[in-house]
Each structure stands twice: as structure tokens, then as C-alpha cells.
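Sharing a sequence plus its predicted fold:
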Amino acid sequence: MSELKTIRVNGYDMAYIEAGEGESLVLVHGSLSDYRYWTLQMRAFSAAFRTIAVSLRHYYPEHWNGEGDDFNISQHMKDVAAFIDAMKIAPAHVVGHSRGGHIAFRVAQNYPDRVRKLALSEPGGALDAELSPHAETVNKRFEPGSFQTQAEARIRAGDIDGGLELFVDAVSGPGAWERTPEIGKQFTRDNAMTLLGQIHETREPFTRQAAASITAPTLLVLGGLSPPMFGHINEALASAIRNAKRVTIPDATHTMNVIKPAAYNEAVLAFLRA
């Protein structure tokens, strides 16, 4: 693993690792994750790009207590854009997974000059009804009483693994937590408290207007075995983003870059090199 570094961004010491040379590539992790999520991408990506994996505000290596009002999509979006500025790497390729895909989308939407190409791996979020006929089905996943609320309750009660199992299985499919290697479970435990901040954030739905405003060439990545809601989200965004391409990683669930790293790496690199 590369040396862990920090850089001051919007009053916060943002942690990151980097490797390689060339055009810059920023990797943005999703829920319950950190820079280590991209371990199986660093070698392959850094052979062609200056590859930088960040840890968003309040994720590991910080051990957050879940308090405060600066854990939300908007703050993380601003932090990623400011990170690109602080590192003097604009425009950079930006790759985001799940919640990190949503953040990467918002960076491309609101800071288009910071993004060269955009790769979104199952970006998570609600859908505006105008954008997708599946909006109601997808949006139920983010309503009070959903799996996220139940997972939060278990974590607050001290049942960390129980809460994480509920969340991971809901996102990646039944049995996903049980199949996760112990090292992966520990990475998730290291970030368990961030779920307490995430559950209360307001995540603006994806709209047709927002998607149409994305000017960067975009790749939408889907796991072939992922829950249907991610397919609905990718399909909706692809219908509105100009220069959008879609790719499916066979036999992979939501964490497709971990389950099928070789296929994932090949798909993303082919897009970035084109």
C-alpha cells in the first residue's frame, strides 16, 4: 500500500494515497468505505494514470463519533472539488462507487471544469419521476423505515455487525455480509459510525436537467447480479447524460470492483484510455 498522506481541504485534513504518473485519476469510495476500497484497482490504474484514492470527510483513518452537521453529499462534493484544486490536477478523471458515484456525479454537474472523464459504478440515489418510470420503486429504498434506518438503529444499540449485515445485504444481496472476507468486514467496521451521519443527509434526486448538464464523457458500470434498483438508476442516467456509455460486469454484485476486479479494471481503463 502507498504512503498515506493528507492535504488541508475546506478546513479538514483529507487523507489519500497515490501511485503512478500521467493524467490524474481520482477514486471516490462509497458508504462504509475509505481509500482502501480501491486496493485492487491501484496497481492496474496507476500503470496508466496518476491514481489517487481519497478518504472522504469523517471516514477512516478518522474515527468519527457520528456528531456534527458536516457529513452530507454537498460537503463531500465540495471537498472533492477542492481536493482537485489543492492538488492542482484539474481536470481529472473521476471514478466513484455507490454513494461516491453520487458525489462524483455532483462534482461533474457543479464543477464541470474539474472533471475530464467520469466513471460511475452504480451511483446511489433517488430518481425524479420525470427521469424514470421506476422512480417510485427506487425511491422507496430511501424512505424512513428503510434498511438504512433499521441498520442505524442496530448500530446505535451497539450491534455493529448486525447493523452492517443488514445494510450490506440490502445493497449487495442476501448473504453478502457473510461472504465478505474478514479483512473487508473490518474495513466496514472502521467506518460504521459514518452510517449515523449518512442516514440523516438529504440526497437530492437525480433529475433529467442535472443529468443533461453533465458534459464529461461518462461510463455507467453495473454489476450483473446487483439488485434491480441500480440497473434502473444507470438506465435513467444513461438516457439523459450526453456521451454516456454503459457496461455490465458479469457475475458481479454491487461491489463489482472487489468481486470481479480484473473485468472491472479492464472496462474502466478501456473507457479512460479511449
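Nice, thanks for sending it over. Source: prediction; values computed, not measured. Residues are numbered from 1 along each chain as shown.

only C-alpha atoms for contact and neighbour calcs from this point on.
Will do.

what's the neighbour count on Thr149?
Applying other Cα atoms under 10 Å, we find 19 residues neighbouring Thr149.

Can you tell me, leaving aside adjacent residues, what's nearest to it?
Closest residue to Thr149 apart from its sequence neighbours, by Cα to Cα, 6 or more residues apart in numbering: Ile199 at 6.6 Å.

Next one: Pro250 from Gly223, what distance?
From Pro250 across to Gly223, the span is 6 Å (Cα to Cα, to the nearest Å).

Who has more neighbours out of the two?
The neighbour count for Pro250 versus Gly223, taken as other Cα under 10 Å, is higher for Gly223 (26 against 15).

how far away is the more buried one from Ser121?
Noted for Gly223: a distance of 8 Å to Ser121, by Cα to Cα.

Next: Gly162.
Going from Gly162 to Ser121 by Cα to Cα gives 26 Å.

Could you do Val115 as well?
Distance of Val115 to Ser121, computed by Cα to Cα: 16 Å.

try Arg50
Between Arg50 and Ser121 the distance is 20 Å, computed by Cα to Cα.

pretty sure Ile249 is in contact with Pro261, am I right?
No: Ile249 lies out of contact with Pro261 (Cα atoms under 8 Å); the separation is 9.5 Å.

neighbour-wise, which of these two wins?
Each of Ile249 and Pro261 has its neighbours counted (other Cα under 10 Å); Ile249 has more, 22 against 19.

And the pLDDT for the residue lying closest to the more buried one once chain neighbours are set aside?
Leaving out its chain neighbours, the residue that sits closest to Ile249 by Cα to Cα, 6+ apart is Gly223, at 5.0 Å. What the model reports for Gly223 is a pLDDT of 97.

Can you read off the backbone torsions of Gly223?
Reported as degrees, to the nearest 10, the phi and psi values for Gly223 are phi -80, psi 130.

Stretch 133-141: which residues count as buried?
For stretch 133-141, a neighbour-count test (16 or more other Cα atoms under 10 Å) marks His134, Ala135, Val138, Asn139, Arg141 as buried.

just how off-centre is it within its chain?
20 Å (Cα atoms, centre = their mean, to the nearest Å).

secondary structure element for Gly96?
Per DSSP states H and E, Gly96 falls inside strand 92-97.

Ignore what I typed, I meant Val107.
Using DSSP H and E, Val107 maps to helix 99-110.

Can you give the strand pairings for the helix or strand following that helix, parallel or anti for each?
Per DSSP H and E, the first helix or strand lying C-terminal to helix 99-110 is strand 115-121. Partners of strand 115-121 in the sheet, by DSSP bridges, are strand 92-97 (parallel), strand 218-223 (parallel).

Could you export the last one as PDB, CA atoms only?
Only the C-alpha atoms of strand 218-223 are listed here, as PDB (Å, rounded to 0.1, in the frame of the first residue of the first chain):
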ATOM      1  CA  THR A 218     -19.400   9.200 -18.800                       C
ATOM      2  CA  LEU A 219     -19.300   5.500 -18.200                       C
ATOM      3  CA  LEU A 220     -22.000   3.800 -16.100                       C
ATOM      4  CA  VAL A 221     -20.900   0.500 -14.600                       C
ATOM      5  CA  LEU A 222     -23.400  -2.200 -13.400                       C
ATOM      6  CA  GLY A 223     -22.800  -5.500 -11.600                       C
END
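
contacting residues around that strand?
117-122, 230-231, 234, 238, 241-256, 268, 271 (Cα atoms under 8 Å, 6 or more residues apart in numbering).

Which of these are buried? Put it as a ChimeraX command.
Those of the contacts of strand 218-223 that count as buried under 16+ other Cα under 10 Å are selected in ChimeraX with:
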select :117,118,119,120,121,122,230,231,234,238,241,242,244,245,246,247,248,249,252,253,254,255,256,268,271
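
got the strands paired with strand 115-121 as TSV, with distance to Ala212 columns?
Listed next are these as TSV, based on distance: least, Cα to Cα, whole Å:
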stretch	distance to Ala212
strand 92-97	18
strand 218-223	12
